[in-house]
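Q: Sequence first, predicted model second:
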Amino acid sequence: MKPQILLVDDNPREAELAMLAFRGQGYGDAIRTARGVAEALQAVAAALPKLVLLDLKLAGSSGLELLARLKSDARTQAVPVVVMTTSREPRDMAESYRLGANGYVVKPVDFERFRDVARRLCDYWLGLNELPLAD
Amino acid sequence: MAHILVLDDRALNREFLATLLAYYGHTLAEAADGVEGLARVGERKPDLVITDLLMPNMDGEEFVRRLRADPATKDLPVIIYTATYRVREAREIANRVGVRRVLAKPSEPKDIVAAVAEALGESAPAAQPPAPGKSGAPEREVAALGKGVVAQLDAVESLNLRLAHLLESAVQIAEEQAKSLTEVRALENMLQNVQSLSLRLTGLVELGLDLAKARDPRELIDLFCRALQDILSSHYAGVVVIGGNGELLRQFAARGLDDAARARVAREIADCPAAKRVLGQGGAGRLVISLKPSDVTGLPAAHPPVTNFLACPVAAHDKAIGWLYVADRLGEGAFSTDDGRIAMALGAQFAIAWDSLGLYTELERLVAQRTAELQAANHELESFSYSVSHDLRGPLRAIDGFSSIVLRDHAAALPAEGQRYLGLVREGAQQMARLIDDLLTFAKSARQPIARRTVALKELVNQCVEEFQGEIAERKAEVAVGNLPDCRADAALLKQVLVNLLGNALKYTRKQPRAKIEVGCRSENGEQAIYVKDNGAGFDMKHAGKLFGVFQRLHHKEDFEGTGVGLAIVQRVVHRHGGRVWAEAEPGKGATFYFTLGKDLA
């Protein structure tokens, strides 16, 4: 399957866990990961993903910076970006939406619930994009 | 209407005139002395000037002299408004500088208004003040306003007023009956003496109020110096105080001296020989009164020549903190021993005010320091809990996630016991995650500002019950919500309280075949208390003291799960609303939790 989801997370363990959660939904092969802003921008330029899952805390820079760049670039601003983070801080949530995030998900500690989150994200964002788009 | 400039060194007096005249539609400018007055005239030429005579920096006489010297202002109408006992002196000054009107202070509002109208060349005062929407008798209203402004001085002021009228009518009667000029003068003198005493009393009361209000050492000294000049009716006054850090603070007040000359005197006054005479050699100091010019020695070279002089230490409780002097008593006569006693008493009063100001300043410094420390700690706590929310959850997710994968995908490779242990690992991780969430909520409940709004309490309770609807329906629990008043509270925090209490009630009734929970309101010592009552496990009241502590649990974790933070949050939120929280319970017979929200409930 062609990669459809770009997961941006600098923590390999977190990325692996997310892969495992999405694999349970049959999307494991559809995910590719980027470990930082530069890598993510490269991946997006190579092929537009159908969904970007973005951690806010990236080594050396902030996920918010990447979010702002994706949403201010005419070529990438239509790609849905869902912030996926452990932070419940209202200011992180508000700032994400202000910069144009399409969703904000707090990653639950309970892995079963995380799988559930993964399933609903795929159903919603990937299913939605299958709909015929108007001009 | 006219633009009027008011000069008076007492803000209270300016305020009174400004309020009164503004009421009649005039625009007002204010100045505390002649120097300021000239600046105001330069900014905008007034149609009329009302000036006091005795003011710091530049007195009324010098001020009017300068107005008259300038072609642009030489014809400006001026009213001298001055204390009654100085009226004769004031008339002489008025004649010297070409002022026709002298008004005795204090005067009735109607007299002031009439004098202003006359000076402005109006035949009669505006019959009705043009201020729209104001009904009733303006005169009376303004008079009441004037009384309000000087409320603290009321008794003394009215005494002054009565004396002024007495003096006026006495002079009139004497003149009508064609008594000799000496008799009239004697009578006038006597009354003026009484009045001077009464004005001195006014000054004393005012000084007391001013000293209590001053928050800055220099302001305090300045106020005191001017009060000395006023109360002891003298041309010059000086004060030197040794500050806590050895710094010398000094002030010198004089009539008719320019700034440079005053500054020169103030500089030299700290350790001139006169000071050494007053303070002696390390002793408590003494009173010095010099009645003849030849007796006055030891003043700074820059000081204007002086004919009589009074000096004493500024001391309270036998501890001198500086010295003060006054020189050249106004009018006839020199300083008396009575003046000396007053000066000593004033010095003591000042020394005490100085002491309390020191304490006050120290207190303020401490408060500022503590506030800064608290803010730093708060900031630290905030960034700490921010990283807690990020960094602690991550490893927990890995523990739970990978354990879960092992259980799901590699169960075959693991004996049953190993699977159970992994299940316990997951339980531990999830419990830890809940604990982190609760602690963060607890930390936030302390620093989030409280936003009080009117809350429909019954509505809010119903919402909270709704959140537990799944469990309530499943367990067929009975939840009754009674009549609840509206209250003023932070809705989000109050909801947290209700959710925690309801959650507890549900949790501790889990072993009952039929859970009964009741939310209601009742009167407790005149306060409205909200309660949540259950028929659950209850507890022994001897443990009630531990109930609201963080991580305090009265039941075994195996019986009832939880983090031990919920009731701590409840207590903190209630306390931050100014309310109380307490519980009544009996083991096996259920518990009732009560809370109030301070005076703002209902």
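A: Thanks, I have it.
Q: helices or strands up against the strand or helix carrying B:Leu21?
A: According to DSSP states H and E, B:Leu21 maps onto helix B:11-23. When contacts are defined as 3 or more Cβ pairs under 8 Å, 6 or more residues apart in numbering or on different chains; DSSP states H and E, helix B:11-23 packs onto strand B:3-7, strand B:27-31, helix B:109-119, helix B:138-149. For glycine as for every other residue, the C-beta is placed from the backbone atoms N, C-alpha and C.
Q: what separates the following helix or strand past the second one from the chain centre, distance-wise?
A: Okay, so that is strand B:27-31. For strand B:27-31, the following helix or strand on the C-terminal side (DSSP H and E) is helix B:34-43. Centroid separation for helix B:34-43 versus its chain: 31 Å, with Cα atoms, centre = their mean, to the nearest Å.
Q: likewise stretch A:30-38?
A: 9 Å.
Q: Any chance you could spot the residue sitting in the middle of the chain?
A: The chain I'm using is chain A. Geometric centre of chain A, nearest residue: A:Leu53, 0.6 Å, by Cα atoms, centre = their mean.
Q: actually chain B
A: B:Lys213 (9.1 Å).
Q: Relative to B:Phe224, how far out is it?
A: 12 Å (Cβ to Cβ, to the nearest Å).
Q: Can you name the residues bridging to the residue nearest to the centre of chain A?
A: A:Leu7, A:Val82 (DSSP bridges).
Q: thought it was touching A:Thr85?
A: No - using Cβ atoms under 8 Å as the test, A:Leu53 is too far from A:Thr85 to be in contact (9.9 Å).
Q: Could you tell me which residues of chain B lie near chain A?
A: Within chain B, the positions near chain A by Cβ under 8 Å from any Cβ of the partner chain are B:386, B:389-390, B:393-394, B:396-398, B:400-405, B:426, B:429-430, B:433, B:437, B:440.
Q: do that again at 6 Å, thanks
A: By the rule Cβ under 6 Å from any Cβ of the partner chain, the part of chain B lying against chain A is B:389-390, B:393-394, B:396-398, B:400-401, B:404-405, B:430, B:433.
Q: Just the closest of the residues you listed to B:Arg475, please.
A: Closest approach between the residues of chain B next to chain A and B:Arg475, by Cβ to Cβ: B:Gln430, at 22.4 Å.
Q: Report all helices and strands that the helix or strand hosting the closest one contacts.
A: B:Gln430 is part of helix B:416-447 when elements are defined by DSSP H and E. Packing partners of helix B:416-447 (3 or more Cβ pairs under 6 Å, 6 or more residues apart in numbering or on different chains; DSSP states H and E): helix B:337-387, helix B:393-409, helix B:566-576.
Q: got the angle for the longest one vs helix B:416-447?
A: In terms of direction (axes from the mean of the first three to the mean of the last three Cα atoms, to 10 degrees), helix B:337-387 departs from helix B:416-447 by 150 degrees.
Q: other SSEs contacting helix B:337-387?
A: strand B:309-316, helix B:416-447.
Q: Deepest-packed of these, please.
A: strand B:309-316 (a mean of 24; mean count of other Cβ atoms under 10 Å in any protein chain shown).
Q: After it, which helix or strand is next?
A: strand B:319-329.
Q: Most widely separated two among the residues of chain B next to chain A?
A: Spanning the widest gap among the residues of chain B next to chain A are B:Ser389 and B:Ile405, at 24.6 Å by Cβ to Cβ.
Q: In terms of neighbours, single out the busier of the two.
A: Neighbour count, other Cβ atoms under 10 Å in any protein chain shown: between B:Ser389 and B:Ile405, B:Ser389 has more, with 20 against 17.
Q: Now the phi/psi pair for the more buried one, please.
A: phi -60, psi -30 (degrees, to the nearest 10).
Q: B:Leu396 versus that one, what's the distance?
A: 12 Å.
Q: what about the strands in chain A?
A: A:5-8, A:31-34, A:51-54, A:57-58, A:61-62, A:81-85, A:103-106 (DSSP state E).
Q: Name the residues that touch the first one?
A: Read that as strand A:5-8. Contacts with strand A:5-8, where a contact means Cβ atoms under 6 Å, 6 or more residues apart in numbering or on different chains, come from A:Ala18, A:Ala30, A:Ile31, A:Thr33, A:Ala34, A:Ala40, A:Ala43, A:Pro49, A:Leu51, A:Val52, A:Leu53, A:Leu54.
Q: pretty sure the fifth one is touching A:Ala43, no?
A: Yes - contact status for A:Ala34 versus A:Ala43: in contact at 5.1 Å, counting by Cβ atoms under 6 Å.
Q: Report how many residues lie close to residue 121.
A: If you meant another chain, say so; for now it's chain A. When neighbours are counted by other Cβ under 10 Å, A:Leu121 comes out with 22.
Q: ah, I was thinking of chain B
A: Neighbours of B:Gly121 (other Cβ under 10 Å): 10.
Q: for A:Arg98, same thing?
A: 11.
Q: try B:Val565
A: Residues contacting B:Val565 under the criterion other Cβ under 10 Å number 21.
Q: swap in B:Gln448?
A: If we define neighbours as other Cβ under 10 Å, then B:Gln448 has 13 of them.
Q: The closest residue to it other than its chain neighbours is in what secondary structure piece?
A: Distances taken as Cβ to Cβ, 6 or more residues apart in numbering or on different chains put B:Leu493 closest to B:Gln448, at 7.3 Å, once the chain neighbours are dropped. In this structure, B:Leu493 is located in helix B:491-508 according to DSSP H and E.
Q: contacting residues for B:Ala316?
A: Counted by Cβ under 6 Å, 6+ apart, B:Ala316 has contacts B:Ala348, B:Ala351, B:Ile352.
Q: helices and strands of chain B: which one has the lowest mean pLDDT?
A: In chain B, the helix or strand scored least confidently by mean pLDDT, DSSP states H and E is helix B:138-149, which has a mean of 46.
Q: Chain A now?
A: In chain A, the helix or strand scored least confidently by mean pLDDT, DSSP H and E is helix A:127-130, which has a mean of 62.
Q: thinking again about what came up before, which one of the helices and strands packed on helix B:416-447 is the most hemmed in?
A: The most buried one of the helices and strands packed on helix B:416-447 (mean count of other Cβ under 10 Å) is helix B:566-576, showing a mean of 22.
Q: Not counting its own residues, what contacts that helix?
A: So helix B:566-576 is in contact with B:441-442, B:445-446, B:450, B:493, B:497, B:500, B:547-548, B:550, B:581, B:595, going by Cβ under 6 Å, 6+ apart.
Q: ok, now stretch B:483-496?
A: B:450-452, B:454-458, B:521, B:573, B:577, B:597, B:600-602.
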